[in-house]
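1. I need the structure of the sequence given here:
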Amino acid sequence: MSTYISLLQYTQKGIENVKDSPARLDAARQIFESYGGRLKEFYLVCGRYDAVVISEAPDDASAAKAALSLATRGNVRAETYLAFPEKEFRNIVSGMK
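-> Down below sits the predicted model:
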């Protein structure tokens, strides 16, 4: 499974209904699972972004489907990055010419 890091910002709609966020987080977990993935970790953060999500998906298309499904709800905007765990990083670097 590939790992993804998403940086989230609440939309106006999302912040107006912030008390519903725990239920939305539960729904997000179900959406990831429906595409064969997993929402591994969620962090509320202070700064430019409001939350950070660490997720896994079997492939990029499944990750995109989950992200787009969540985006259609209009509560957050997200920037999502493919992440390479340390073991993969070491393999990538060791294979450089």
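
2. and the helix or strand harbouring Pro22, what does it pack onto?
-> Under the assignment given by DSSP states H and E, the secondary-structure element containing Pro22 is helix 21-34. Counting contacts by 3 or more CB pairs under 8 Å, 6 or more residues apart in numbering; DSSP states H and E, helix 21-34 is packed against strand 38-44, strand 51-57, helix 60-71. (C-beta placed from N, C-alpha, C; glycine too.)

3. Tell me which of those lies nearest to Ile15.
-> Taking CB to CB as the measure, these were each checked against Ile15, and strand 51-57 came out nearest at 11.6 Å.

4. Counting by contacts, list what that closest one packs against.
-> Counting contacts by 3+ CB pairs under 8 Å, 6+ apart, strand 51-57 packs against strand 2-10, helix 21-34, strand 38-44, helix 60-71, strand 76-83.
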